[in-house]
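>>> Could you look at this predicted model? Sequence included:
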Protein chains: 2
Amino acid sequence: MTSRTAPDPARRSERSRAAVLTAATELVAEVGYGKLTIEAIAARAGVGKQTIYRWWPSKGAVVFDAFLVAGRHEGGLALPDTGNLATDLRTVLRAGSDELADPSADRTYRALSAEILNDPALHAEYRTRLLDPLLEVTRDRLRSAREAGQIAPDTDLDLAVELVYGPLHYRWQYRLGPLSHAHADRLVDAALCALNPPTADGGSGA
Amino acid sequence: MTSRTAPDPARRSERSRAAVLTAATELVAEVGYGKLTIEAIAARAGVGKQTIYRWWPSKGAVVFDAFLVAGRHEGGLALPDTGNLATDLRTVLRAGSDELADPSADRTYRALSAEILNDPALHAEYRTRLLDPLLEVTRDRLRSAREAGQIAPDTDLDLAVELVYGPLHYRWQYRLGPLSHAHADRLVDAALCALNPPTADGGSGA
DNA sequence: CGACTAAGACGAGACGTACCGTCTCGCGAC
DNA sequence: GTCGCGAGACGGTACGTCTCGTCTTAGTCG
């Protein structure tokens, strides 16, 4: 009795699934997440409401799935490794800034962030499918930099990822200022400065 | 025609205002923000629904007002200034960690954060009444530290506050780990390391 | 200075609307 | 034959607006 006569995924209609996610993507762009309703998604997709309730636990879950399908955010997730940590982190934070600076993506991220804040199940899904993989590859990259002596040998990688992503996320969430490449670069410089070994013999040229 | 025959604030009933905020505080603690309804607030407060709709634009605005009244978050906002920046920042981040670690406060913050993410008006009110004052006094403290030579003379104060608060906020929002005093201290150390002048003559003992 | 009057905020709740989540149908595919 | 499907009816809940009659207050006049 996991959840009231669980449906059989093998018999799930791929046609319906795709139609729902497409409709959700279109509608969230047209009316915004707040005014998005399950009934409107079902009507647009030409699907019974029960079909949505059968396969998704919440409106947030539908939109999150649609978000994953729309962009190819899942899967091929990897940080560049040119050997220069500063260069690689700049690449990542610049790309992140660009994505968050796009008004359409910005709205979607805010809606999903809001849901994730209050919905533990959605938070868990976000962690396992997006955030944790991102943090993992970031830690991997920092670990190789640590072994290369580019950052302090006793660096705490969990703390490091907070230092790298936290400030940008903070600036974005509260709209403290524009998200520019120049700003991203300065955040990287600051983070690396905090992670550098105190006796730096080879400084990363500014 | 600012907003359909604007009501006269001079004739506003203080009794009703207080009753609404009290009821909102109690109910958000009892049933949570998500299940909180305007009708329930009105009933608990012994107030007509119209009275709430007359003075507040949204459920989020009511809860935000109640939040401001409940705690004394407004007004006496100041950072300590012992002369030692590290000590003062540790005090602030430790206090922040403690507050966010409290389950009840945590729920309220998450609910308000979610609303602020999607409601521009509420975001503006949060900025002017809470966040901007906090960032302002933080910049003040950093400025005096800069003049005292404790951080680099060319420090960008806007960037600095992002470095100070961003990582903790990130860790909290995505539940990346427990919010302890030890963690707060390490964040302060990292931020100060990033802000220190490259040629430090007097290091702040770790 | 005190009483009258008009304005408007108040408590209460009815009202139509929207959407919720569940359910009940045949229908068709496996 | 089973079960997911489209369609939509259904009761429930909360929305935001509105309409009462009451009560408080500001402004005016005696």
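Here it is on my side, so go on. Residues are numbered from 1 along each chain as shown, chains lettered A, B, ... in the order given.
>>> and chain A, which of its residues are near DNA strand D?
Along chain A, the residues adjacent to DNA strand D under the rule Cβ under 7 Å from any atom of the strand are A:7-8, A:11-13, A:15-17, A:19, A:45-51, A:54-55. Heads up, the C-betas are built off the backbone N, CA and C, glycines and all.
>>> Domain map for chain A?
Following automatic domain parsing, chain A resolves into domains at A:9-70, A:85-195.
>>> most packed of the ones you listed?
Neighbour counts (mean count of other Cβ atoms under 10 Å in any protein chain shown) averaged over each of the domains of chain A peak at domain A:85-195, with a mean of 18.
>>> List the contacts of stretch A:140-157.
Here stretch A:140-157 makes contact (Cβ atoms under 8 Å, 6 or more residues apart in numbering or on different chains) with A:79, A:81, A:83, A:85, A:88, A:139, A:160-161, A:192, A:195-198, A:204, B:186.
>>> make it 7 Å
Here stretch A:140-157 makes contact (Cβ atoms under 7 Å, 6 or more residues apart in numbering or on different chains) with A:L79, A:D81, A:L85, A:D88, A:R139, A:A160, A:L195, A:N196, A:P197.
>>> What residues does chain A have near DNA strand C?
Neighbours of DNA strand C within chain A, by Cβ under 7 Å from any atom of the strand: A:R11, A:K35, A:T37, A:I38, A:E39, A:A40, A:G48, A:K49, A:Q50, A:Y53, A:S58, A:K59.
>>> Return the subset of the residues you listed lying in helices.
In helices, defined here by DSSP state H, the members of these are A:I38, A:E39, A:A40, A:K49, A:Q50, A:Y53, A:K59.
>>> The third one touches A:L27, doesn't it?
Yes. At 5.8 Å, A:A40 counts as touching A:L27 under the criterion of Cβ atoms under 7 Å.
>>> which residues of chain A fall in helices?
Along chain A, counting by DSSP H, helices occupy A:14-31, A:38-45, A:49-55, A:59-70, A:85-101, A:103-118, A:120-126, A:132-147, A:157-173, A:181-195.
>>> Tabulate the CA atom coordinates of the second one in CSV.
In this case it means helix A:38-45. Taking C-alpha atoms only, helix A:38-45 is exported to CSV below (Å, rounded to 0.1, in the frame of the first residue of the first chain):
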residue,chain,number,x,y,z
ILE,A,38,-4.1,21.7,-13.1
GLU,A,39,-7.4,22.0,-14.9
ALA,A,40,-5.8,24.3,-17.4
ILE,A,41,-2.9,21.9,-18.0
ALA,A,42,-5.3,19.0,-18.5
ALA,A,43,-7.5,21.0,-20.9
ARG,A,44,-4.6,22.2,-22.9
ALA,A,45,-3.0,18.8,-23.1
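>>> Report the inter-axis angle for it versus helix A:14-31.
Computed by axes from the mean of the first three to the mean of the last three Cα atoms, to 10 degrees, the angle separating helix A:38-45 from helix A:14-31 equals 120 degrees.
>>> Could you do the fifth one as well?
Interaxial angle of helix A:85-101 relative to helix A:14-31 (the same axes, to 10 degrees): 80 degrees.
>>> who does helix A:85-101 touch, helix- and strand-wise?
Counting contacts by 3 or more Cβ pairs under 7 Å, 6 or more residues apart in numbering or on different chains; DSSP states H and E, helix A:85-101 is packed against helix A:103-118, helix A:157-173, helix A:181-195.
>>> what separates the second one from the chain centre, distance-wise?
Centroid separation between helix A:157-173 and its chain, computed with Cα atoms, centre = their mean, to the nearest Å, is 13 Å.
>>> Give me the mean pLDDT for that helix.
Average pLDDT, helix A:157-173: 98.
>>> next one: the first one
Average pLDDT, helix A:103-118: 94.
>>> Does anything pack onto it? Which helices or strands?
Checking 3+ Cβ pairs under 7 Å, 6+ apart, helix A:103-118 ends up next to helix A:59-70, helix A:85-101, helix A:120-126, helix B:103-118.
>>> Contacts for that helix, please.
For helix A:103-118, contacts defined as Cβ under 7 Å, 6+ apart pick out A:28-29, A:32-33, A:60, A:63-64, A:67, A:99-100, A:122-123, A:126, B:34, B:110-111, B:113-114, B:117-118, B:173.
>>> any weak-confidence spans in chain A?
For chain A, applying pLDDT under 70 flags the ranges A:1-4, A:72, A:74-76, A:197-206.
>>> At the contact with chain B, which residues of it appear?
For chain A, the residues in contact with chain B (Cβ under 7 Å from any Cβ of the partner chain) are A:34, A:110-111, A:113-114, A:117-118, A:131, A:158-159, A:162-163, A:165-167, A:169-171, A:173-174, A:176-177, A:186, A:190-191, A:193-194.
>>> Spit out the contact partners of A:E162.
A:E162 is in contact with B:P167, B:Y170, B:R171, B:L176, counting by Cβ under 7 Å, 6+ apart.
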